[in-house]
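Enquirer: Below: sequence and its predicted model.
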Amino acid sequence: MNLSDIDLKLLKIFLAVVEAEGYANAQAGLNLSLSTVSSHMSKLEGRLGFRLCDRGRGGFALTPKGEVFYRQMLDFLAAVQLLETNAKNLRNNILGELTLGVIDNLITDSTCPLPTALSRFLRLPNYRFQLCMHVLSPQELEKGVLERRLDLAVGIFYQRKPGLEYRSLYRERDVLVCSESHPLARLTDPHEIAQRVPGAAKVVRSFMLSQEFPFISDHDDSIIASVSNVEAAALMILNGPFVGCLPEHYAQRWLDTGQLVALLPDKFVRYSDITLATRANESPRSAVLTSFLECLGQDSKGIHQPAPL
């Protein structure tokens with residue numbers, strides 16, 4: 001049997017039947033009669049030369065060969081969809097796609113090069129492209145790049161993943177803060193503050209863990225809250241009995257109003273490396289990705305060696 005012998009319509013009917021778990025369940029979504037669905041399925045099985053599914057008292061079920069064909073068909077239909085999208089883009093003179101992933105709350109940092117790079121990129125002459133951006137956790141960012149759902153990611157990455165290439169962009173300054181109603185906020189003696197901070201209840205960003213408080217040697221017992229992002233950490237600190245580290249640029253609005261208090265900012269301070277992650281050894285890169293990296297001012301300098309495969 002040649003692939004050309006199978007109509008895409010038959011494959012899509014088979015897909016609908018599997019997803020609906022039966023012929024009768026699929027007919028409404030397909031806007032076809034039950035007999036027509038059955039006829040199309042019989043035609044597909046005839047062209048394939050084997051049964052795809054069983055129907056009986058036990059209900060609808062794929063045969064072993066049907067299971068294998070279904071998984072392979074999903075890959076094929078995904079490739080067809082990509083081909084259709086690319087054809088549409090070419091028809092509309094869209095020359096490519098770029099999908100970025102970033103951690104939350106970077107835009108208020110004046111040292112972040114991403115806004116400038118985006119501005120340059122979006123003003124490039126003779127370029128038309130689709131641009132997508134997602135705000136995700138560091139773990140989700142790395143997974144997205146590895147699985148090719150993202151072209152590049154910007155975040156804080158403490159554990160280097162095999163298959164990724166990491167490049168330092170800039171450093172973000174974090175300060176230790178508490179709410180204005182916290183007992184530590186009322187202290188004025190630096191020595192007393194320094195003594196009481198290690199035992200204070202702390203909130204930590206889950207992807208940082210022990211890296212969150214490098215200036216405190218023993219703090220494991222005092223970490224009683226964990227969050228996934230900066231905004232959640234700020235919410236906990238502003239409204240709870242916690243101290244925690246926040247990027248100074250992000251916390252500045254509450255520091256200015258007095259809702260947050262920085263605790264010994266010259267002593268309790270840490271720096272995070274904001275890093276660019278791309279797929280390692282990817283050659284050639286797409287023209288759109290290459291152009292964006294050029295706008296970001298990235299070249300071979302500052303590249304961390306990828307983790308071994």
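Expert: Noted; the coordinates are in hand. All values reported here derive from a predicted model rather than from experimental measurement.
Enquirer: C-alpha from now on. contacts and neighbour counts both.
Expert: OK.
Enquirer: Count the residues that sit near residue 240.
Expert: Under the neighbour criterion other CA atoms under 10 Å, residue 240 is assigned a count of 16.
Enquirer: so where is this protein shaky, pLDDT-wise?
Expert: Residue ranges of the chain with pLDDT under 70: 1-6, 85-86, 88-95, 126-127, 209-210, 217-221, 298-309.
Enquirer: Mark out where each domain of it begins and ends.
Expert: What automatic domain parsing lists as the domains of the chain is 3-91, 97-170+273-304, 172-272.
Enquirer: so who does the nearest residue to residue 223 once chain neighbours are set aside touch?
Expert: Distance criterion CA to CA, 6 or more residues apart in numbering; nearest residue to residue 223, sequence neighbours excluded, is residue 202 at 4.6 Å. Applying CA atoms under 8 Å, 6 or more residues apart in numbering, we find residue 202 in contact with 222-225, 242-244.
Enquirer: Look up how far residue 278 lies from residue 202.
Expert: Separation of residue 202 from residue 278 (CA to CA, to the nearest Å): 33 Å.
Enquirer: try residue 107
Expert: Residue 107 is 21 Å from residue 278, by CA to CA.
Enquirer: neighbour count winner among these two?
Expert: residue 278 (23 against 13).
Enquirer: So the more buried one, which state does it fall into?
Expert: Three-state call for residue 278 (DSSP: H, G, I helix; E, B strand; the rest coil): strand.
Enquirer: Residue 199 - how many residues pack around it?
Expert: Quick note: residue 199 (other CA under 10 Å) scores 14 neighbours.
Enquirer: ah, wrong one, I meant residue 215
Expert: So residue 215, with other CA under 10 Å, has 13 neighbours.
Enquirer: one step back: and the residue nearest to residue 223, bridged to which residues?
Expert: residue 223, residue 243 (DSSP bridges).
Enquirer: That one and residue 254: what is the separation?
Expert: 18 Å.
Enquirer: now do residue 54
Expert: Where residue 254 is concerned, residue 54 sits at a distance of 64 Å (CA to CA).
Enquirer: swap in residue 283?
Expert: 46 Å.
Enquirer: more neighbours, the two?
Expert: Using other CA under 10 Å as the criterion, residue 283 and residue 254 rank with residue 254 on top: 15 against 7.
Enquirer: Could you give the separation of the helix or strand hosting that one from the chain centroid?
Expert: Assigned by DSSP states H and E, residue 254 falls within helix 248-257. Averaging C-alpha positions (CA atoms, centre = their mean, to the nearest Å) puts helix 248-257 27 Å from its chain's average.
Enquirer: got it, and stretch 105-117?
Expert: Counting by CA atoms, centre = their mean, stretch 105-117 comes out at 18 Å from the chain centroid.
Enquirer: Distance across it, terminal residue to terminal residue?
Expert: So stretch 105-117: terminal residues 17 Å apart, CA to CA.
Enquirer: can you give me the angle the longest strand seen in the chain makes with helix 248-257?
Expert: The strand that spans the most residues within the chain, counting by DSSP state E, is strand 164-179. Angular relation of strand 164-179 and helix 248-257 on a 0 to 180 degree scale: 10 degrees, by axes from the mean of the first three to the mean of the last three CA atoms, to 10 degrees.
Enquirer: Now the helix or strand just after strand 164-179 - C-alpha only, CSV.
Expert: Downstream of strand 164-179, the next assigned helix or strand under DSSP H and E is helix 190-196. The C-alpha coordinates for helix 190-196 follow below in CSV (Å, rounded to 0.1, in the frame of the first residue of the first chain):
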residue,chain,number,x,y,z
PRO,A,190,22.3,46.1,62.9
HIS,A,191,23.9,43.6,65.3
GLU,A,192,20.5,42.5,66.6
ILE,A,193,19.0,42.3,63.1
ALA,A,194,21.9,40.1,62.0
GLN,A,195,21.4,37.8,65.0
ARG,A,196,17.7,37.4,64.5
